[in-house]
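**Q** Would you be able to build a 3D model of this:
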Amino acid sequence: MASDALTTMGTCMFDDAVMAAKLPAAVVQRFNECLVSGAPTPEDDMKIIADTMFSWARERGAIDFAHYFFPLRGGGGAVGGMLAAFKKDTLMDLEFGSKYTTKPMKACLPAERLFQGETDGSSFPNGGLRVTHSAAAFTTWDRSSPPWVMDKCLYIPCAFVTHFGKCIDEKTPLLRSMDAVTLHGLRLLKNIGIGTDAKCMFSYLGWEQEFFVLSAAHYKARPDLVNTGRTLFGKLPTRHQQGDLNYFQAIPGSVQELLDNVQAEMLKIGCPMAVKHNEVAPGQHEMSPVFRTANVSCDSNVCFMEVMNREAAKLGLQVLFHEKPFAGINGSGKHANWSIGTDTGMNFFYPGKNEAGAKLYVTAIACLSYGLAQYNEMVRCTVASAGNDHRLGAQEAPPAIISLYPGQGFEAFVESICSGGDLLGYKAEKKKQETGCSAAMHIEANVEDRNRTAPFPFCGNRFEFRAVGSSQNCCLPLMVCNAIMSAGMAHLSSLIEGGMSHRDAVAKIYTENKHVIFTGNGYSAEWPVEASKRGLPNLNTTPKAIATWASEKNTKLLETLKIYTKEETEARQEVMYENYISCMCCEVETMIQMVETGYLPACAKDLEKFKGFDKLAGSRKTIYDSIVDELEKLKSVIAAKPHSSLAEEATYLCDTVKPQMVALRAKVDKAESVMESSLYPYPTYEAMIYSHHF
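**A** Purely as a prediction, here's the structure:
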């Protein structure tokens, strides 16, 4: 790594500044115009851009290039490198115009290969949109996301579609949703007479990535971690997180080296990594960047996960991105801080310092409340996975009930609007709080306090979708955030276009959708009861959530916004089911294998040592026998798994198989508490979460 990472920031990213410096001004202007209009880049310009990018990449040591895209793999506890896809092509071609029979080679980046590529679409999850005998699929450069050079390869971020234009990736729907935000955002601004000079809209993302770090040797010695991303067995050590000793404490030396190395690599390729710290659980950490446009930020997040494990391997470490790798201590999320704004700098989620900004903010929250209330199940689906089921609803993550937290002061203001009040009644001044001591100055607090128990809290100039899972790609959650916001903006515009005043349209939306606003304790036992009274769904398992994805209401919205066709929506649901089933079945098979080849032999050896010493053996035989009993029950229930439909299979795995997995684990973990420590067949929790710290 460079001696000072700040000196190499952005040097390996082909961004707007590089284009402006190296390309003719007319080419840059046409390129940007095409981005706004969606028109293809002219062929002559394509060649100029490709030649320039080739020279720039070669200066940075690139010998290959790759189209970098996001198949519908799902999260599933993925380690870095599992979410994206690419194949490397050498930066070369043949001189086909040569007079020689054996055409000479030349180093180059053919323009047509920069902008488009072709690959097999049937070997990736596609929900039936592709079949093996008709498998062509194409990658096409996401022109709004700058390429970068890393490990001697020029990475070109791409969308991925079938021969017939159906999206079979995460990126394409996100890009379509960003178009919807522009269309309906500009329409809304025109209707309310604010920011009418804007020509384009953007959605933004700032992700907070949580993860665990452990010894690579320990990781490799745990079949459950290797196969599923989480530990299927293991009891807590005496000290874990109950003393609140880990959050923000000094980062262990080996982990600090890893985070510094990763930060340096990410800064080079233009990802502004700004934060690194210890998280709540031992062995758990977090890194996060400064905000960028949503598609670029999603690209860098997936790349970050790859870089993390690549750099970790060099130090004998392994990074875990599963949502719940260790039972009993905090799991990992990927908080998605989201906002939308104009090309003129107006942020829809900033209260504003003038009358126009204040009105826009109140209007935008109304649109968001409409989207979250009317398409509540769709939002929940975006964070539904086998891994996240272990996390959502616990005292470490927001509940599975989707609600909006705009702040207690704003909630009271909503009531005043519904009662006939003006849109400008909300006081958005920041608060000054005294520290009570002379050495430390007063602090300037946010307009509203934060709510750590809410799935969608306001954070000063953005909303934080806190339920996103650590192993997920952010594209799907951000796509749906954009979609529901577009739905709200379209609905408000239609009310105004139908003759209603701006104030009355906002009041009507709040009146009909304020039940989604909740500013209390989302962890409380009372909230699910209250949510039910409000009509908010509690889809507390992944199969329950997935079942709602392709509803008539959701399908119609995604079609109307031109994000998904009906066929694409249904295909996505099929992929969701397949991912859940695959994760669960893999866990079951791994459990059985670990018990039969690891735990039972260890139990037998331990019990053998107590022959003739029944009193010393204590309850060992009873505990060890119970493992066999629960193992046979698990084998029995998995053998009875239905195959009539994906929905039935997923539900059975969740409701019948998963409880038996929990029962088997309980017996094995009980055995760990009495077994001779030298006989325990796998690295323990204590070893995994602490040993690399020293």
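
**Q** Show the contacting residues for F456.
**A** Residues in contact with F456 (CB atoms under 8 Å, 6 or more residues apart in numbering) are L372, P398, I402, S403, L404, Y405, F463, E464, F465, R466. Where C-beta positions appear, they are placed from N, C-alpha and C, glycine not excepted.

**Q** likewise G331?
**A** G331 neighbours (CB under 8 Å, 6+ apart): H322, E323, K324, P325, H390, R391, A394, E396, A397, S470.

**Q** So for the contacts of F456, which is the shakiest by pLDDT?
**A** Least confident by pLDDT among the contacts of F456: that is P398, with 80.

**Q** If we ignore the residues flanking it in sequence, what's nearest that residue?
**A** P455 (3.6 Å; CB to CB, 6 or more residues apart in numbering).

**Q** again with F233
**A** V668 (4.9 Å).

**Q** which element is that neighbour on?
**A** Per DSSP states H and E, V668 falls inside helix 658-672.

**Q** Against which helices or strands is the next helix or strand after that helix packed?
**A** Of the helices and strands lying after helix 658-672 in sequence (DSSP H and E), the nearest is helix 685-690. The contact analysis (3 or more CB pairs under 8 Å, 6 or more residues apart in numbering; DSSP states H and E) places helix 685-690 against strand 201-215, helix 216-220.

**Q** Show me the contact partners of helix 685-690.
**A** Helix 685-690 is contacted from outside by 212, 214-215, 218-219, 222, 231, 234-237, 240, 281-283, 326, 329, using CB under 8 Å, 6+ apart.

**Q** ditto for stretch 39-52
**A** Here stretch 39-52 has contacts from 19, 22-24, 27, 30-31, 33-34, 108-112, 114-115, 143, using CB under 8 Å, 6+ apart.

**Q** among those, which ones are buried?
**A** 19, 22-23, 27, 30-31, 108-111, 114-115, 143 (16 or more other CB atoms under 10 Å).

**Q** The stretch 101-250 of the chain: helices as residue ranges?
**A** Remark: helices assigned in the stretch 101-250 of the chain by DSSP state H, counting those that start in this stretch are 111-115, 171-192, 216-220, 223-228.

**Q** quick one: buried residues of the third one?
**A** Right, the one you point to is helix 216-220. So helix 216-220, judged by 16+ other CB under 10 Å, has buried residues A216, H218, Y219.

**Q** Also stretch 215-233?
**A** For stretch 215-233, a neighbour-count test (16+ other CB under 10 Å) marks 215-216, 218-219, 222-225, 227-233 as buried.

**Q** which one of those residues is nearest A356?
**A** Lowest distance from A356 to the buried residues of stretch 215-233 (CB to CB) belongs to G229, with 47.9 Å.

**Q** neighbours around T435, how many?
**A** 10 (other CB atoms under 10 Å).

**Q** So it: helix, strand or coil?
**A** Using DSSP: H, G, I helix; E, B strand; the rest coil, the structure places T435 in coil.

**Q** likewise the one 4 residues further on?
**A** Assigned with three-state DSSP, A439 falls in the coil class.

**Q** ok, now how distant is it from G331?
**A** Per CB to CB, to the nearest Å, A439 is found 39 Å from G331.

**Q** quick one: H491 and P406, what's the gap?
**A** According to CB to CB, H491 and P406 sit 18 Å apart.

**Q** the more surrounded of the two?
**A** Legend: neighbour count by other CB under 10 Å for H491 and P406, higher for P406 (26 against 21).

**Q** Next, count neighbours for the nearest residue to that one once chain neighbours are set aside.
**A** With CB to CB, 6+ apart as the criterion, P406 has its nearest non-adjacent residue at 4.9 Å, and that residue is F458. Applying other CB under 10 Å, we find 25 residues neighbouring F458.

**Q** okay but F458 is in contact with Y405, surely?
**A** Yes. Using CB atoms under 8 Å, F458 is in contact with Y405, at 6.2 Å.

**Q** what residue ranges in the chain score low on pLDDT?
**A** 1-3, 80, 394-395, 428-430, 446-449, 693-694 (pLDDT under 70).

**Q** what residue of it is the furthest out?
**A** For the chain, the residue at maximal distance from the C-alpha centroid (CA atoms, centre = their mean) is G612, at 56.1 Å.

**Q** Just checking the distance from stretch 452-461 to the centre of its chain.
**A** Put simply, stretch 452-461 sits 17 Å off its chain's centre (CA atoms, centre = their mean, to the nearest Å).

**Q** Determine the angle, from 0 to 180 degrees, between the helix ranked longest in the chain and helix 658-672.
**A** Assignment by DSSP state H gives helix 566-594 as the longest helix of the chain. For helix 566-594 against helix 658-672, the angle by axes from the mean of the first three to the mean of the last three CA atoms, to 10 degrees is 30 degrees.

**Q** how about helix 566-594: buried residues?
**A** For helix 566-594, the neighbour count (16+ other CB under 10 Å) marks 568-581, 583-584, 586-588, 590-592, 594 as buried.

**Q** ok, now stretch 5-25?
**A** Of the residues in stretch 5-25, those buried (16+ other CB under 10 Å) are A5, T8, M9, G10, T11, C12, M13, F14, V18, M19, K22, L23.

**Q** rewinding a little: which one of the helices of the stretch 101-250 of the chain lies closest to G127?
**A** Nearest to G127, of those and by CB to CB, is helix 171-192 at 12.8 Å.

**Q** Around the nearest residue to I192 once chain neighbours are set aside, how many other residues sit close by?
**A** Take I192 and drop its neighbours on the chain: the residue closest to it by CB to CB, 6+ apart is H502, 5.1 Å away. Per other CB under 10 Å, the neighbour tally for H502 reads 18.

**Q** What distance do you get for H502 to I496?
**A** Separation of H502 from I496 (CB to CB): 6 Å.

**Q** who touches both of the two?
**A** Jointly contacting H502 and I496 under the rule CB under 8 Å, 6+ apart are N191, I192.

**Q** Among the buried residues of stretch 5-25, which one lies nearest to V131?
**A** Among the buried residues of stretch 5-25, and counting by CB to CB, the member closest to V131 is F14, at 36.5 Å.

**Q** Phi and psi next, for that closest one.
**A** phi -90, psi 70 (degrees, to the nearest 10).

**Q** That one contacts S145, correct?
**A** No. Look at F14 against S145 with CB under 8 Å: they stay out of range, at 10.3 Å.

**Q** in stretch 415-433, what counts as buried?
**A** Judged by neighbour count using 16+ other CB under 10 Å, the buried positions of stretch 415-433 are I417, C418, L423, Y426, A428.
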